[in-house]
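# okay, structure incoming, though there's no sequence with it:
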(Lines give C-alpha, C1' and ligand atoms only; values in the text may rest on other atoms or scores of the structure.)
Protein backbone atom coordinates (compact mmCIF):
# COMPACT_ATOMS: atom_id res chain seq x y z
CA UNK A 1 0.00 0.00 0.00
CA UNK A 2 2.78 2.46 0.94
CA UNK A 3 4.65 1.52 -2.22
CA UNK A 4 1.75 2.58 -4.46
CA UNK A 5 1.17 5.76 -2.48
CA UNK A 6 4.81 6.75 -2.91
CA UNK A 7 4.70 5.89 -6.62
CA UNK A 8 1.62 8.08 -7.12
CA UNK A 9 3.23 10.87 -5.12
CA UNK A 10 6.40 10.64 -7.21
CA UNK A 11 4.45 10.78 -10.45
CA UNK A 12 2.54 13.77 -9.15
CA UNK A 13 5.74 15.58 -8.27
CA UNK A 14 7.26 14.84 -11.68
CA UNK A 15 4.08 16.05 -13.36
CA UNK A 16 4.04 19.29 -11.39
CA UNK A 17 7.74 19.86 -12.12
CA UNK A 18 7.12 19.43 -15.87
CA UNK A 19 4.11 21.74 -15.72
CA UNK A 20 6.22 24.37 -13.96
CA UNK A 21 8.99 24.06 -16.56
CA UNK A 22 6.45 24.35 -19.40
CA UNK A 23 4.93 27.45 -17.78
CA UNK A 24 8.40 28.98 -17.40
CA UNK A 25 9.13 28.37 -21.09
CA UNK A 26 5.76 29.90 -21.98
CA UNK A 27 6.54 33.03 -19.95
CA UNK A 28 10.00 33.31 -21.54
CA UNK A 29 8.53 33.17 -25.03
CA UNK A 30 5.90 35.77 -24.13
CA UNK A 31 8.58 38.08 -22.73
CA UNK A 32 10.73 37.63 -25.83
CA UNK A 33 7.72 38.38 -28.03
CA UNK A 34 6.93 41.54 -26.07
CA UNK A 35 10.53 42.77 -26.10
CA UNK A 36 10.91 42.29 -29.86
CA UNK A 37 7.82 44.26 -30.79
CA UNK A 38 8.37 47.54 -32.61
CA UNK A 39 8.15 50.35 -30.05
CA UNK A 40 6.45 53.60 -31.05
CA UNK A 41 8.71 56.28 -32.50
CA UNK A 42 8.03 58.75 -29.68
CA UNK A 43 9.39 56.27 -27.13
CA UNK A 44 12.81 56.28 -28.80
CA UNK A 45 12.76 60.07 -29.00
CA UNK A 46 12.11 60.24 -25.26
CA UNK A 47 14.93 57.79 -24.51
CA UNK A 48 17.33 59.79 -26.73
CA UNK A 49 16.31 62.99 -24.95
CA UNK A 50 16.70 61.84 -21.34
CA UNK A 51 19.20 59.02 -21.86
CA UNK A 52 18.80 55.33 -21.21
CA UNK A 53 17.68 54.67 -17.63
CA UNK A 54 20.61 53.43 -15.62
CA UNK A 55 23.28 54.48 -18.11
CA UNK A 56 24.65 57.05 -15.69
CA UNK A 57 24.12 55.06 -12.52
CA UNK A 58 26.62 55.92 -9.81
CA UNK A 59 28.55 58.55 -11.80
CA UNK A 60 27.84 61.20 -9.22
CA UNK A 61 29.76 59.20 -6.62
CA UNK A 62 32.95 58.80 -8.66
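Sure thing, it's come through. What you are looking at is a predicted structure, and each value in this text was computed from that prediction instead of being measured.

# mind checking the SS state of residue 38?
Per DSSP: H, G, I helix; E, B strand; the rest coil, the local secondary structure of residue 38 is coil.

# so where's the chain uncertain?
39-62 (pLDDT under 70).

# residue boundaries of the strands in it?
With strands called from DSSP state E, the chain shows none.

# the longest helix along the chain packs against which elements?
Ranked by residue count under DSSP state H, the longest helix found in the chain is helix 2-35. For helix 2-35, not one helix or strand is in contact under the criterion 3 or more C-beta pairs under 8 Å, 6 or more residues apart in numbering; DSSP states H and E. C-betas here are computed from N, CA, C, even on glycine.

# make residue 1 into 22 and carry on from there
Got it, the first residue is 22 from now on, which makes the last one we talked about helix 23-56.

# buried stuff in it?
Across helix 23-56, burial judged by 16 or more other C-beta atoms under 10 Å covers no residue at all.
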